[in-house]
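In: next input, structure requested:
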Amino acid sequence: MAEVAPETWLSIECTDEYVVYDDNYYAGVMFSNPKNYRSFLDIYTDWEFQYKDYENYRRYYNNLVDEYNDADYLEQLAMRSR
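Out: All right, here's what the predicted structure looks like:
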């Protein structure tokens with residue numbers, strides 16, 4: 001990406017040296033300065049860790065539900081008393 005004028009961007013394919021006319025090249029996030037970018041990275045990293053924890057708990061819960069649903073009546077009664 002090259003900024004050819006203020007807020008005017010041009011996408012260039014560097015390996016074959018031609019201009020690319022694809023809207024996907026112009027989609028993304030812009031930061032006004034490096035500090036804002038670093039703040040974004042910190043927040044995003046925290047979010048990733050929290051999401052992984054959430055996924056682990058979700059899988060654990062779903063495994064418990066599957067185990068309970070696969071058990072017979074007496075096993076289900078025993079599981080309820082835990």
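
In: quick one: the helices in this structure, in order.
Out: 34-70, 73-80 (DSSP state H).

In: nearest to Ser11, out of these?
Out: helix 34-70 (20.2 Å; CB to CB). For the C-beta atoms, the positions are set from N, CA and C on the backbone; glycine is no exception.

In: count of neighbours near the closest residue to Tyr68 other than its chain neighbours?
Out: Spatial nearest neighbour of Tyr68, excluding adjacent residues (CB to CB, 6 or more residues apart in numbering): Met79 at 5.6 Å. Met79: 12 surrounding residues under other CB atoms under 10 Å.

In: equivalent analysis for Ser39, please.
Out: Ser39 - counted by other CB under 10 Å - has 12 other residues nearby.

In: so what pLDDT did it get?
Out: Ser39 is assigned 97 on the pLDDT scale.
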